[in-house]
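In: need coordinates for the below:
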Amino acid sequence: MEPERRARLESLRREYETTALDLHDIDADPIVQLAAWLDQWVEVAPNEPGAMVLSTAAVGGGASSRNVLLRGLDARGLTFFTSYESRKSRELTADPRASLLFSWLPVLRQVQVVGVAERTTTAESEAYFASRPRGSQLAAWASHQSSVLPDRATLEARYREADLRFADVEVPCPPHWGGWRLVPTSVELWQGRSNRLHDRLRYVRDPGTEAGWRVERLSP
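Out: You can find the predicted model right below:
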């Protein structure tokens with residue numbers, strides 16, 4: 001990086017002045033708390049507020065990350081949909097341990113969810129697929145996700161073929177397409193605070209508690 005540009009980045013400072021986050025401020029259930037923060041985030045960023053970074057263990061070593069869209073949130077976990085032929089699906093099949101990260105810098109918040117991924121049922125996948133716009137449904141048939149393409153024209157030709165194939169019928173859910181649900185083992189809330197003394201509260205699974213979770217405070 002150029003010295004001048006590096007100096008500019010290193011000189012950037014912003015003092016985080018936000019409301020404190022304490023144990024009495026949050027719900028005993030991390031899913032309920034996450035849903036509440038999501039509702040607040042939607043008011044700030046209506047464009048794809050469910051975007052989250054999925055990190056997986058790469059086959060052969062290392063890690064990989066990408067944005068996915070939250071499409072389900074309930075007591076079972078957090079759900080997103082994709083091709084089962086994609087890199088993310090191959091990695092989750094080999095090692096289902098993963099994490100999801102919501103980065104909400106405009107409100108100085110972050111949520112990290114760590115857990116184990118499992119496939120949704122065929123019925124769940126088909127029900128969600130049926131709710132998608134037709135163009136997105138056709139794209140699921142046209143794209144061999146994560147595979148190398150010779151050019152853009154090849155992808156567009158596959159899309160036209162899918163459009164002709166299902167011209168007079170509803171587009172069915174491809175057998176290689178469906179959902180993943182991350183079942184959380186821990187959920188960490190991060191709230192930016194002044195002097196970099198941020199608040200970090202982490203829910204950890206604990207069957208011995210009434211809520212099934214205990215909350216611990218972490219050093220910033």
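In: quick one: buried residues of the longest strand seen in the chain?
Out: Using DSSP state E, we find that the single longest strand of the chain is strand 177-191. Across strand 177-191, burial judged by 16 or more other Cβ atoms under 10 Å covers 177-182, 184, 186-191. Glycine gets a C-beta too; all of them are placed from N, C-alpha and C.
In: same check on stretch 82-89?
Out: 82-84, 86-89.
In: span of it from start to end?
Out: 8 Å (Cα to Cα, to the nearest Å).
In: repeat for stretch 53-73
Out: Using Cα to Cα, the two ends of stretch 53-73 sit 15 Å apart.
In: need the mean per-residue confidence for that stretch.
Out: Stretch 53-73 shows a mean pLDDT of 95.
In: if we go by neighbour counts, what in it is buried?
Out: 54-57, 68, 70-73.
In: does anything pack onto the next helix or strand along the chain from the longest strand of the chain? Which helices or strands?
Out: Using DSSP states H and E, the helix or strand that follows strand 177-191 in sequence is strand 199-205. Counting contacts by 3 or more Cβ pairs under 8 Å, 6 or more residues apart in numbering; DSSP states H and E, strand 199-205 is packed against strand 177-191, strand 213-218.
In: and the residue nearest the centre of the chain, its phi and psi?
Out: For the chain, Met52 is the residue whose C-alpha lies nearest the centre (Cα atoms, centre = their mean; 3.3 Å). With angles defined as degrees, to the nearest 10, Met52 sits at phi -150, psi 150.
In: list the contacts of it.
Out: 67-70, 78, 80, 100-102 (Cβ atoms under 8 Å, 6 or more residues apart in numbering).
In: in a markdown table: the buried residues of strand 177-191, plus pLDDT and distance to Glu43.
Out: A markdown table is the format used below for the buried residues of strand 177-191 (pLDDT from 0 to 100; distance: Cβ to Cβ, whole Å):
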| residue | pLDDT | distance to Glu43 |
| --- | --- | --- |
| Trp177 | 98 | 32 |
| Gly178 | 98 | 31 |
| Gly179 | 98 | 27 |
| Trp180 | 98 | 28 |
| Arg181 | 98 | 26 |
| Leu182 | 98 | 25 |
| Pro184 | 98 | 24 |
| Ser186 | 98 | 27 |
| Val187 | 98 | 22 |
| Glu188 | 98 | 23 |
| Leu189 | 98 | 18 |
| Trp190 | 97 | 19 |
| Gln191 | 95 | 17 |
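In: can you classify the closest residue to Val171 other than its chain neighbours by secondary structure?
Out: Using Cβ to Cβ, 6 or more residues apart in numbering and skipping the chain neighbours, the partner closest in space to Val171 is Gln137 (3.9 Å). For Gln137, the secondary-structure state derived from DSSP: H, G, I helix; E, B strand; the rest coil is helix.
In: what is the subsequent helix or strand relative to the one helix or strand in the chain whose mean pLDDT sits lowest?
Out: Sorting the helices and strands of the chain by mean pLDDT, DSSP states H and E puts helix 3-11 at the bottom, at a mean of 58. Downstream of helix 3-11, the first helix or strand assigned by DSSP H and E is helix 30-44.
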